[in-house]
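Peer 1: predicted model and sequence follow; I will ask about them next.
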Amino acid sequence: MSDQTESKIRLSAVEKRFTSARGDQQCAVSRLDLEIRSGEFVCLVGPSGCGKSTLINLMAGFEKPTSGSVTIDGKPVTAPDPDHIMIFQDYGLYPWRTVLGNVLFGLQARKVPAILAKEKALAALELVGLLPSRDKLPHELSGGMKQRVSIARALAVEPSVLFMDEPFGALDAFTRLHLQDELLRIWSEKQPTVVFVTHDLDEAITLGEKVVLMAPNPGRIQRVMEVKLPYPRERTDSNFAAFRKELFEEFHLVHRQAINPEYTI
Ligand SMILES: Nc1ncnc2c1ncn2[C@@H]1O[C@H](COP(=O)(O)OP(=O)(O)OP(=O)(O)O)[C@@H](O)[C@H]1O
Ligand SMILES: [Mg+2]
């Protein structure tokens with residue numbers, strides 16, 4: 001859907017090594033190159049431990065590469081940036097603040113004048129369908145509603161990039177499908193660049209213009225799949241099934257190779 005072609009995020013020969021408590025080196029991401037266009041929706045998938053969170057944390061500035069470079073808008077990423085927001089699986093809401101109070105938080109932290117901040121917060125809550133719940137406290141909400149508050153809080157500050165690490169992982173299937181549709185609607189309206197980590201291959205094909213399949217040991221890109229299907233995508237459609245089959249087959253191969261490096265189809 002994105003029609004802008006300029007590069008937003010660029011990773012060049014990125015490597016990230018961790019040293020364990022015993023002193024062993026672990027290569028979480030190895031010499032990885034990736035380019036993400038402005039306004040693009042990119043999903044990262046791959047087996048557990050293949051480096052998805054490491055990669056998104058490198059892009060969001062929570063981790064620094066051991067070597068190689070990560071740039072956004074041509075500038076090296078050295079720390080988290082208020083224009084690039086991360087949405088986590090555990091919502092990260094303040095339990096003592098109301099729904100509106102939580103959404104106001106980021107705006108207040110940016111010293112947005114009170115009247116304007118309230119306007120923006122209410123608009124963001126309307127976007128996620130939570131205006132009627134604005135005076136509730138987080139413990140009065142369902143998991144899906146909490147996640148919508150955290151999305152509204154992120155959107156209120158109008159970020160140019162949304163990083164999402166398995167944001168819907170803890171939700172039931174119905175809520176998850178609903179939030180996928182909501183997220184796509186918001187993305188088409190606001191056009192942020194979105195990097196979305198998921199374990200769910202169907203979710204990746206529903207959402208991503210591009211699906212990046214990663215392989216482990218060391219964490220690397222196995223395949224970048226362009227999902228050339230119009231939005232909204234029909235999950236029961238035969239074209240959807242064709243992308244699904246291709247991705248599942250490749251995922252299966254990656255998984256088998258992770259267990260047995262000699263494995264080929
Ligand atoms: N802070 C850390 N210290 C040491 N090793 C780490 C650290 N963070 C990640 N790793 C290691 O790097 C590798 C990649 O981890 P990462 O969390 O990025 O995987 P993932 O693909 O997000 O997995 P999952 O799907 O289970 O969330 C793993 O082997 C992990 O043990
Ligand atoms: Mg992870």
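Peer 2: Received the coordinates, thanks. Ligands and ions are numbered 1, 2, ... in the order given.
Peer 1: so the helix ranked longest in the chain, near ligand 1 or not?
Peer 2: If you go by DSSP state H, the chain has its longest helix at helix 238-259. No. Helix 238-259 lies out of reach of ligand 1 by Cβ under 6 Å from any ligand atom, never closer than 11.1 Å. For the C-beta atoms, the positions are set from N, CA and C on the backbone; glycine is no exception.
Peer 1: gap between His178 and ligand 1?
Peer 2: From His178 across to ligand 1, the span is 23 Å (Cβ to the nearest ligand atom, to the nearest Å).
Peer 1: sorry, back to before: hey, C-alpha coordinates of the longest helix of the chain in PDB?
Peer 2: Coordinates of each C-alpha in helix 238-259 appear next as PDB, following Å, rounded to 0.1, in the frame of the first residue of the first chain:
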ATOM      1  CA  SER A 238      -6.800 -19.000  -2.800                       C
ATOM      2  CA  ASN A 239      -4.100 -16.400  -3.400                       C
ATOM      3  CA  PHE A 240      -3.700 -16.000   0.300                       C
ATOM      4  CA  ALA A 241      -3.400 -19.800   0.600                       C
ATOM      5  CA  ALA A 242      -0.600 -19.900  -2.100                       C
ATOM      6  CA  PHE A 243       1.500 -17.400  -0.100                       C
ATOM      7  CA  ARG A 244       0.700 -19.300   3.100                       C
ATOM      8  CA  LYS A 245       1.900 -22.600   1.500                       C
ATOM      9  CA  GLU A 246       5.100 -21.100   0.300                       C
ATOM     10  CA  LEU A 247       5.900 -19.500   3.600                       C
ATOM     11  CA  PHE A 248       5.000 -22.600   5.600                       C
ATOM     12  CA  GLU A 249       7.300 -24.800   3.400                       C
ATOM     13  CA  GLU A 250      10.200 -22.400   3.800                       C
ATOM     14  CA  PHE A 251       9.600 -22.100   7.500                       C
ATOM     15  CA  HIS A 252       9.500 -25.900   7.800                       C
ATOM     16  CA  LEU A 253      12.900 -26.100   6.000                       C
ATOM     17  CA  VAL A 254      14.400 -23.400   8.400                       C
ATOM     18  CA  HIS A 255      13.100 -25.300  11.400                       C
ATOM     19  CA  ARG A 256      14.400 -28.700  10.200                       C
ATOM     20  CA  GLN A 257      17.800 -27.100   9.400                       C
ATOM     21  CA  ALA A 258      17.900 -25.500  12.800                       C
ATOM     22  CA  ILE A 259      17.600 -29.000  14.300                       C
END
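Peer 1: flag every buried residue along it.
Peer 2: By neighbour count with 16 or more other Cβ atoms under 10 Å, helix 238-259 contains the buried residues Phe240, Phe243, Arg244, Leu247, Glu250, Phe251, Leu253, Val254, His255, Gln257, Ala258.
Peer 1: do you know how far Met225 is from Glu15?
Peer 2: From Met225 across to Glu15, the span is 24 Å (Cβ to Cβ, to the nearest Å).
Peer 1: hang on, I meant Ile205
Peer 2: 29 Å.
Peer 1: which one's more surrounded, those two?
Peer 2: Shown here are Ile205 and Glu15; by other Cβ atoms under 10 Å, Ile205 has more neighbours (24 against 17).
Peer 1: residues contacting that one?
Peer 2: Applying Cβ atoms under 8 Å, 6 or more residues apart in numbering to Ile205 gives the contacts Val211, Val227, Leu229, Arg233, Phe240, Phe243, Arg244, Leu247.
Peer 1: try it again at 6 Å.
Peer 2: Val227, Phe243, Arg244 (Cβ atoms under 6 Å, 6 or more residues apart in numbering).
Peer 1: which SS class is it?
Peer 2: helix (DSSP: H, G, I helix; E, B strand; the rest coil).
Peer 1: quickly note the distance from it to Lys190.
Peer 2: Taken as Cβ to Cβ, the span from Ile205 to Lys190 is 22 Å.
Peer 1: one more: Gln25?
Peer 2: 41 Å.
Peer 1: look at these two and report which has more neighbours.
Peer 2: Lys190 (15 against 9).
Peer 1: quick check, pLDDT for that one.
Peer 2: You'll see Lys190 listed with a pLDDT of 85.
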